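Undergrad: Got a predicted structure plus its sequence, pasted below:
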Protein chains: 2
Amino acid sequence: MNELLTENEVVEIMMSYLNSQGYTIERYATTTQIGIDIEAFKNGNKICIEAKGATSSMKDSARYGKPFNDNQVKNHIGKAVVAALKVLNQECKDTISAIALPNNATHKKQINEIQTPLKQLGIKVFLVSKDNVLDYF
Amino acid sequence: MNELLTENEVVEIMMSYLNSQGYTIERYATTTQIGIDIEAFKNGNKICIEAKGATSSMKDSARYGKPFNDNQVKNHIGKAVVAALKVLNQECKDTISAIALPNNATHKKQINEIQTPLKQLGIKVFLVSKDNVLDYF
């Protein structure tokens, strides 16, 4: 069974991964803050990453420690895709726009269903587990 | 002030518009049904349209007759964009993928923020009012 990562944990694991790949973190946001979750640089190239978790980060939420249901995952994927599209709309064309999702079956199934247009736009997807980040495409 | 269209009303107005433009409706779905909302043909070319309303279609919903709040509009735009991306993922490359939204400030602002990548993918946007459909891009 997969561990249930919160959005903040996905952000933390992604930042460690980016550091290991030679990126410098410029800024990051926690779930309650506005804006893209991670901005990082490597050799003058920028990457902007929108992250989603598999369970609520809020200790007082009814869903804390439980997996999000299918409708919530759909809402998250939708919001993450819109955030990644906004990056493409705002940033210069060399900026990489990316999404970081929990590495589980529900998230993978939903992202697979839209992979052709995401690849066409150059939007990258990372699948995040506790001990590992998969550069999915 | 804008009238508040439900998703079913947006679907009905879009179908009348498509008929007036020479399209034949192949199938359509109401809010409670699964699948893309409208599939239509003209001269052998297919268009698939995902529609969203400005208020709930459900008479027993707390939001019936009230406008969706900003977070609900964001969820709707996200779901509509994912549905439009799924069409691009599944259908042959000649199929047009489109989104139909209520013609109001909230929806227009959010769609404007992602218009460059939507145009790059060839995803069309229609803005729907009670008496009028605007072919936005």
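TA: Sure thing, it's come through. Numbers count the residues shown, from 1 in each chain, chains lettered A, B, ... in the order given.

Undergrad: near chain B, which residues of chain A?
TA: A:74-75, A:77-79, A:81-82, A:85-86, A:88-90, A:110, A:113-118, A:120-121 (Cβ under 8 Å from any Cβ of the partner chain). (Each C-beta comes from the backbone N, C-alpha and C, glycine too.)

Undergrad: Put the buried members of those residues into a PyMOL selection.
TA: Filtering the residues of chain A next to chain B down to the buried ones (16 or more other Cβ atoms under 10 Å in any protein chain shown) takes a single PyMOL command:
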select buried, chain A and resi 74+75+77+78+79+81+82+85+86+88+89+110+114+117+118+121
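
Undergrad: Could you list the low-pLDDT ranges of chain A?
TA: Along chain A, the parts satisfying pLDDT under 70 run over A:1-2, A:31.

Undergrad: could you pull out the strands for it?
TA: In chain A, the strands defined using DSSP state E lie at A:24-28, A:38-42, A:45-51, A:96-102, A:124-129, A:132-135.

Undergrad: Return the second one as PDB; C-alpha atoms alone will do.
TA: Once non-C-alpha atoms are left out, strand A:38-42 reads as follows in PDB (Å, rounded to 0.1, in the frame of the first residue of the first chain):
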ATOM      1  CA  ILE A  38       7.900  25.700  -6.400                       C
ATOM      2  CA  GLU A  39      10.100  28.000  -8.500                       C
ATOM      3  CA  ALA A  40      13.700  26.800  -9.100                       C
ATOM      4  CA  PHE A  41      16.600  27.600 -11.300                       C
ATOM      5  CA  LYS A  42      19.400  25.600 -13.000                       C
END
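
Undergrad: So which elements touch it?
TA: helix A:7-20, strand A:24-28, strand A:45-51 (3 or more Cβ pairs under 8 Å, 6 or more residues apart in numbering or on different chains; DSSP states H and E).

Undergrad: among the ones you listed, which is the most enclosed?
TA: Among these, strand A:45-51 has the highest mean neighbour count (mean count of other Cβ atoms under 10 Å in any protein chain shown), at a mean of 22.

Undergrad: Contacts for that strand, please.
TA: A:7, A:10-11, A:14, A:18, A:23, A:26, A:36-41, A:79-80, A:83-84, A:87, A:91, A:94-101, A:124, A:126, A:128 (Cβ atoms under 8 Å, 6 or more residues apart in numbering or on different chains).

Undergrad: what pairs with it, and is each one parallel or antiparallel?
TA: Next to strand A:45-51 in the sheet, as set by DSSP bridges, lie strand A:38-42 (antiparallel), strand A:96-102 (parallel).
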